[in-house]
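Q: Here is the input, now give the coordinates:
(one chain, ligands or ions: 1)
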Amino acid sequence: MKIDLHAHLEMCENSEKVISNAKSVLIVAAGVDLNSNKKVLEFSENFENVKCSFGLYPIEALELSGKELQKELDFIEKNKNKIIAIGEVGIDLKESDNLEKQRNNFLKIIELAKKIDKPLIVHSRKSEKEILEILEQEKVKRVVMHCFSGNFKLVKRIVENGWSFSIPTCVKRSEHFQKIILEVPIENLFCETDSPFLHPDGEKNNEPKNVIESYKMISKIKKLSLKEVEKKIEENFERLFF
Ligand SMILES: [Zn+2]
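A: Next up, the predicted model:
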């Protein structure tokens, strides 16, 4: 079974249709705030091929008071048995330069991930180095770097820490992600669409069925059959998430 490790189903134009277009794909629906966490939970309860991950997008979290943030964290903790990971979470220094508050929020999320023993799916736009320092300092063990755009010194450090990457479908036209596939052992790779974003051909409305594009690129670069790639990534999934 193919796995789309990161999709925003609630942001897709016709969520039910994109789920049924991808019946043979296991989709991990990622929330970004309290409302979307509730929606992804519903998808996972209504569709057999959907699992969910609760998140708190760093920019949205900046707007929250301490009390509101705690409410979001409590909701995650309360539903810990229904989720397979915490994400999308992280730090974004492209949209905001408030590193201090983002770092504090991220630290609270890391603390929760340790407490409920879940892997993190991490967003690190223009904050790759800062994120790595925090994750290393906090000795976080289970991490997937989603859509990682940092340099290859950092890529190497991520592998040395035993963490993983999820390769978005825009790898079809991105040398950067192709190079990540080349440099990183297959044991540290996953595939994702980030639907409805990052369409493989630069169009609108990406959807989970397109995750095949990431699998194809891994198959081509690693010189493995599609079946072998599928099997390897399924093993990675079992090892990291369960
Ligand atoms: Zn995302």
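Q: Give the closest residue to residue 33 in space, chain neighbours not counted.
A: Distances taken as C-beta to C-beta, 6 or more residues apart in numbering put residue 60 closest to residue 33, at 4.9 Å, once the chain neighbours are dropped. To be clear about C-beta, it is placed using only N, CA and C from the backbone, and glycine gets the same treatment.
Q: What strand or helix carries the one you found?
A: Counting by DSSP states H and E, the element that carries residue 60 is helix 58-62.
Q: Return the list of helices and strands in contact with that helix.
A: The contact analysis (3 or more C-beta pairs under 8 Å, 6 or more residues apart in numbering; DSSP states H and E) places helix 58-62 against helix 99-116.
Q: can you list the residues of this structure near the ion?
A: 88, 194 (C-beta under 5 Å from the ion).
Q: rerun at 6 Å
A: 6, 8, 30, 88, 194 (C-beta under 6 Å from the ion).
Q: ok, residue 151 - contacts?
A: The contact partners of residue 151, by C-beta atoms under 8 Å, 6 or more residues apart in numbering, come to residue 128.
Q: if we can go back for a sec, which element follows the helix holding residue 60 toward the C-terminus?
A: Assigned by DSSP H and E, the successor of helix 58-62 is helix 66-78.
Q: in that next one, what counts as buried?
A: 69, 72, 73, 75, 76 (16 or more other C-beta atoms under 10 Å).
Q: ok, now how distant is the residue lying farthest from the centre of the chain from residue 204?
A: Using C-alpha atoms, centre = their mean, the residue of the chain lying farthest from its centre is residue 67. It sits 26.0 Å away. Distance of residue 67 to residue 204, computed by C-beta to C-beta, to the nearest Å: 37 Å.
Q: residue ranges of the helices in this structure, please?
A: Listed in chain order, the helices of the chain (DSSP state H) span 15-20, 34-46, 58-62, 66-78, 99-116, 128-137, 152-160, 175-183, 212-222, 226-241.
Q: Return the fifth one as PDB; C-alpha atoms alone will do.
A: What follows is helix 99-116, C-alpha atoms only, in PDB (Å, rounded to 0.1, in the frame of the first residue of the first chain):
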ATOM      1  CA  LEU A  99      11.500  33.200  16.700                       C
ATOM      2  CA  GLU A 100      11.200  33.400  20.400                       C
ATOM      3  CA  LYS A 101       7.400  32.900  20.700                       C
ATOM      4  CA  GLN A 102       7.500  30.200  17.900                       C
ATOM      5  CA  ARG A 103      10.300  28.400  19.800                       C
ATOM      6  CA  ASN A 104       8.400  28.500  23.100                       C
ATOM      7  CA  ASN A 105       5.300  27.100  21.400                       C
ATOM      8  CA  PHE A 106       7.300  24.400  19.700                       C
ATOM      9  CA  LEU A 107       8.900  23.400  23.000                       C
ATOM     10  CA  LYS A 108       5.500  23.000  24.500                       C
ATOM     11  CA  ILE A 109       4.500  20.800  21.600                       C
ATOM     12  CA  ILE A 110       7.600  18.700  21.900                       C
ATOM     13  CA  GLU A 111       6.900  18.200  25.600                       C
ATOM     14  CA  LEU A 112       3.500  16.900  24.800                       C
ATOM     15  CA  ALA A 113       4.800  14.600  22.000                       C
ATOM     16  CA  LYS A 114       7.200  13.100  24.600                       C
ATOM     17  CA  LYS A 115       4.400  12.700  27.200                       C
ATOM     18  CA  ILE A 116       2.000  11.000  24.800                       C
END
